[in-house]
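1. predicted model and sequence follow; I will ask about them next.
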Amino acid sequence: MVILRLSRMRLAQVAIDNFDLAQTLDSGQVFHWERHANGYAGTIKDTGVYVEQRGNRLFFAGATPSLIQRYFSLDHPLRQICQSFPNDPVMRGATAFCRGLRIIRQPSWECLATFITSSMKQVAHIRQMSHALRERFGKPLTICGLQVHTFPSAERIAALNEKELRECALGYRAKYLLETARFVGSGTINLEQWSELSDESLRNSLCQLPGVGAKVANCVMLFAYERLRAFPIDVWIERVLRQQYFPKKRKMTTRDRRAFCDAYFGPYGGYAQQYLFHHARKGGVGGKGDAK
DNA sequence: CTCCAGGGATGAT
DNA sequence: ATCATCCATGGA
């Protein structure tokens, strides 16, 4: 019945070029969109949205065209971005695999919160935690006959206790999320104001929050603050570096990896990183079994 | 069953 | 400054 209602639903549309909705939503940058019918249901900030790609058109309900275009970064010069990547075989392979994958513009709080929960968790687990937090503490919305939930505000989470968060399977991450929610929810820190900071100041500010280190800070910079140079290094990227870029080298320290990535991948390093990550995770190259 | 995941905080060298 | 250890949980 959901399918019937969706098929009868009148959807707005925008023309798209060089955009792949499925790859974008399944690339481990955002964790709450759920497949329904031929598309996805989710939220953009506090708006329930259904979105579906048909060729070079994006059909949607619940949002204005400008909100859709902004959230999915349809204005990013993707061809130019890909041309800026280093021209090596690893990067060429990842770029070919990730055609149309865009770095979206997420609301800062939900991006920060979900990446605090992400440490030592698989993408599927992060999705479960995000879903549990939304279902229990977010606001229910209906879009195209589907129920979705907003991500709970920092104030809402700040008012909870650690036990309630652990019941969402957050484990030891519960304390970090709670402490950071209390900084943000009380107004002690203002995430919107931080968009004015330089990359370095923003990174330092984020790293002062409980549960936020260099990796999570770079994810939040990239996925919420549009700092497209920010280059998160996680276990998958470490494997790509070790296996694809430095197969002979014995030992690489954290600082070595950081220095190489910042210098090598250029002004859109965050995009390059996301393509390497997604290719390694979904394309089986640079994955666990690929010893070399 | 074991292994590992989009890490970070803490305490010991 | 680097290094080891601990932290929870569940998919593969």
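-> Looks like it arrived, so ask away. The shown structure was predicted, so the numbers you read here are calculated from the model rather than taken from an experiment.
2. for chain A, what are the low-confidence residue spans?
-> Applying pLDDT under 70 to chain A picks out residues A:1-9, A:285-292.
3. let's see 50
-> Low-confidence segments of chain A (pLDDT under 50): A:1-4, A:291-292.
4. for DNA strand B, what's the nearest residue on it?
-> Proximity of chain A to DNA strand B (Cβ to the nearest atom of the strand) peaks at A:G213, 2.7 Å away. For glycine as for every other residue, the C-beta is placed from the backbone atoms N, C-alpha and C.
5. got a list of what that residue touches?
-> Counting by Cβ atoms under 8 Å, 6 or more residues apart in numbering, A:G213 touches A:C207.
6. that one and A:C219: what is the separation?
-> Applying Cβ to Cβ, to the nearest Å, the value for A:G213 to A:C219 is 10 Å.
7. for A:G171, grab phi and psi.
-> When read as degrees, to the nearest 10, the backbone of A:G171 gives phi 60, psi -140.
8. surely A:M252 touches A:L241?
-> Yes: contact criterion Cβ atoms under 8 Å: A:M252 and A:L241 qualify, at 6.9 Å.
9. looking at those two, which has the bigger crowd around it?
-> A:L241 (21 against 15; other Cβ atoms under 10 Å).
10. and that one, how far from A:G266?
-> Distance of A:L241 to A:G266, computed by Cβ to Cβ: 16 Å.
11. and A:L141, which of the three is it?
-> Secondary structure, DSSP: H, G, I helix; E, B strand; the rest coil: A:L141 is strand.
12. partners of the longest strand seen in chain A, with directions?
-> If you go by DSSP state E, chain A has its longest strand at strand A:47-54. Note on strand A:47-54: by DSSP bridges, its sheet partners are strand A:39-44 (antiparallel), strand A:57-61 (antiparallel).
13. hang on, A:F85 packs against A:G270?
-> No: the criterion here is Cβ under 8 Å, and A:F85 misses it with A:G270 at 11.4 Å.
14. separation between the residue lying closest to A:F151 once chain neighbours are set aside and A:N87?
-> Distance criterion Cβ to Cβ, 6 or more residues apart in numbering; nearest residue to A:F151, sequence neighbours excluded, is A:E110 at 3.8 Å. Using Cβ to Cβ, A:E110 is found at 36 Å from A:N87.
15. who has more neighbours out of the two?
-> A:E110 (24 against 8).
16. quick one, which of A:F85 and A:G270 is more surrounded?
-> The neighbour comparison of A:F85 against A:G270 (other Cβ under 10 Å) goes to A:G270, with 24 against 20.
17. is stretch A:22-39 in proximity to DNA strand C?
-> No: Stretch A:22-39 does not reach DNA strand C (Cβ under 7 Å from any atom of the strand); its nearest approach is 12.8 Å.
18. mind listing what's buried along stretch A:171-178?
-> Buried residues in stretch A:171-178, counted by 16 or more other Cβ atoms under 10 Å: A:173-174, A:176-178.
19. so which of these reach DNA strand B?
-> Among these, DNA strand B is touched by A:Y176 when using Cβ under 7 Å from any atom of the strand.
20. narrow the buried residues of stretch A:171-178 to those in helices?
-> The members of those that map onto helices under DSSP state H are A:173-174, A:176-178.
21. between these, which is nearest A:F59?
-> Using Cβ to Cβ, A:L177 is the member of these that lies nearest A:F59, at 34.8 Å.
22. and the residue lying closest to the closest one once chain neighbours are set aside, how far from A:Q243?
-> Of all residues not flanking A:L177 in the chain, A:I116 sits nearest, at 5.1 Å (Cβ to Cβ, 6+ apart). Here the criterion is Cβ to Cβ. By it, A:I116 lies 29 Å from A:Q243.
23. contacts only, for the residue in the stretch 101-250 of chain A that DNA strand C sits nearest to.
-> When distances are taken as Cβ to the nearest atom of the strand, the stretch 101-250 of chain A reaches nearest to DNA strand C at A:G171, 2.6 Å away. Counting by Cβ under 8 Å, 6+ apart, A:G171 touches no other residue.
24. that concludes my questions; thank you for your assistance.
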